[in-house]
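Engineer: I'll drop the sequence and a predicted model, then ask my questions.
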Amino acid sequence: MAALFMVLGWGGVAAVVFLTLPFLGPRWLFFFSLFIALTGTALPIVWYLNRRFTADRFPAEGVLVREAIEAASLGMFLVWLQAGRMFTAFLGWIFFAAFLAVELLLRVYEHSRWSPLAPVEEEPAIAEPTEEPIEGDEEMPPD
């Protein structure tokens, strides 16, 4: 999935930059292609960082995709600010800290909702007698 996103996204970005004029439609196509490209690029990086730094419980696939989408959203937001000539390094760090805080709060929430599997109950070693007679175990009549 990540490789497909990278190829389609970066190919779309290159096509928009080199083959179109900067009108409204190609500008939206640029941002859409950049979002797909950044998501595909962030996915292996997020997987590696989670594999490296969360040894006890590796997160689910949905968490990895969510983190890659958050990284792409941050990148998109910063590119959008730069297009309007409003981006500064301080503003970039503020937005990075905000995205990081949101992800940390989501992780804390998920961690608080986690519960281990219920323990498996062991069966007793000796079976308890049943009330019904077993077939062939009828009482013998006296002689």
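Structural biologist: Received it, and whenever you're ready, just let me know what you need. Residues are numbered from 1 along each chain as shown.

Engineer: run through the residues that contact the residue most central in space within the chain.
Structural biologist: Centroid-nearest residue in the chain: V63, 2.2 Å away (criterion: C-alpha atoms, centre = their mean). Counting by C-beta atoms under 8 Å, 6 or more residues apart in numbering, V63 touches N50, E110. Every residue, glycine included, has its C-beta placed from N, CA and C.

Engineer: how distant is the biggest helix by length in the chain from the center of its chain?
Structural biologist: The residue-count maximum for a helix in the chain (DSSP state H) belongs to helix 24-53. The chain centroid and the centroid of helix 24-53 are separated by 13 Å, computed with C-alpha atoms, centre = their mean, to the nearest Å.

Engineer: check stretch 47-63 too.
Structural biologist: That offset, for stretch 47-63, works out to 10 Å (C-alpha atoms, centre = their mean).

Engineer: just the CA trace of it, in PDB.
Structural biologist: This file holds the C-alpha atoms of stretch 47-63, laid out as PDB (Å, rounded to 0.1, in the frame of the first residue of the first chain):
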ATOM      1  CA  TRP A  47       6.300   1.400  11.000                       C
ATOM      2  CA  TYR A  48      10.000   1.500  11.600                       C
ATOM      3  CA  LEU A  49       9.800   3.900  14.500                       C
ATOM      4  CA  ASN A  50       7.000   1.900  16.200                       C
ATOM      5  CA  ARG A  51       8.900  -1.300  15.700                       C
ATOM      6  CA  ARG A  52      12.000   0.200  17.100                       C
ATOM      7  CA  PHE A  53      10.600   2.100  20.100                       C
ATOM      8  CA  THR A  54       7.500   0.100  21.200                       C
ATOM      9  CA  ALA A  55       8.900  -3.300  22.000                       C
ATOM     10  CA  ASP A  56       6.300  -4.400  24.500                       C
ATOM     11  CA  ARG A  57       3.100  -4.000  22.400                       C
ATOM     12  CA  PHE A  58       3.300  -3.200  18.700                       C
ATOM     13  CA  PRO A  59       0.300  -1.100  17.700                       C
ATOM     14  CA  ALA A  60      -2.400  -2.300  15.300                       C
ATOM     15  CA  GLU A  61      -2.300  -1.500  11.600                       C
ATOM     16  CA  GLY A  62      -5.000   1.100  12.000                       C
ATOM     17  CA  VAL A  63      -2.800   3.100  14.400                       C
END
